[in-house]
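Enquirer: Quick one, fold the following:
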Amino acid sequence: MQSPYEERSEIEGNTATVERPGEPPRHFSLDAAPQMQALVASFAGLLSGNYAALQRNFMLDLHGDASHWLLGLVPRNAQVRESIRSITVNGSGSQPLCLTTYQANDDTTILLLGPAARAHRPRTPDRAWFDAQCQGRNP
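Expert: Presented below is the predicted three-dimensional model:
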């Protein structure tokens, strides 16, 4: 597992800007990044509660209850699946806590959201710490 890093992403229209501390911003068109389009679709559908939009872009698998739920998203688009095998979103109530992207090359990216993103992070967080954050537990 690689160390966590800070990154700020902004999407305006069809243009994405990614910034990391100490590096110049990177700008690119979402047309050139189908995997980013899939992430944008998942965020937009989740944040707006738009089930139809999520279902258009992903095969869905929802488990759990209101206190802790897990939403599995598998991209419907074959080109996107060449980059992203699946995405899982952990949440509690109406709050998504964690978005985990399983890439086709076996890399995994964990994005902490809301209260999980604001949790005190140990100097060297391990997978167990990330899993606890995704499940709403703050060890």
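Enquirer: quick one: pLDDT of Gly72?
Expert: Looking at Gly72, its pLDDT is 94.
Enquirer: can you give me the strands in the protein?
Expert: Remark: strands assigned in the chain by DSSP state E are 8-12, 15-19, 26-29, 58-65, 68-75, 84-92, 95-103, 108-112.
Enquirer: Just put those in CSV and tack on mean neighbour count.
Expert: Heads up, the C-betas are built off the backbone N, CA and C, glycines and all. Output for these, formatted as CSV (neighbours: other CB atoms under 10 Å):
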stretch, mean neighbour count
strand 8-12, 12
strand 15-19, 15
strand 26-29, 12
strand 58-65, 12
strand 68-75, 19
strand 84-92, 20
strand 95-103, 19
strand 108-112, 17
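Enquirer: Distance to Phe43 added to those strands, as JSON lines?
Expert: Below are the strands of the chain laid out as JSON lines (distance: least, CB to CB, whole Å):
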{"stretch": "strand 8-12", "distance to Phe43": "9"}
{"stretch": "strand 15-19", "distance to Phe43": "12"}
{"stretch": "strand 26-29", "distance to Phe43": "17"}
{"stretch": "strand 58-65", "distance to Phe43": "12"}
{"stretch": "strand 68-75", "distance to Phe43": "11"}
{"stretch": "strand 84-92", "distance to Phe43": "10"}
{"stretch": "strand 95-103", "distance to Phe43": "8"}
{"stretch": "strand 108-112", "distance to Phe43": "10"}
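Enquirer: Relative to Arg118, which of these is closest?
Expert: Arg118 lies closest to strand 108-112 among the strands of the chain, at 8.4 Å (CB to CB).
Enquirer: Next, name the residue at the spatial heart of this structure.
Expert: Note on the chain: the residue nearest the mean C-alpha position is Leu99, at 3.3 Å, using CA atoms, centre = their mean.
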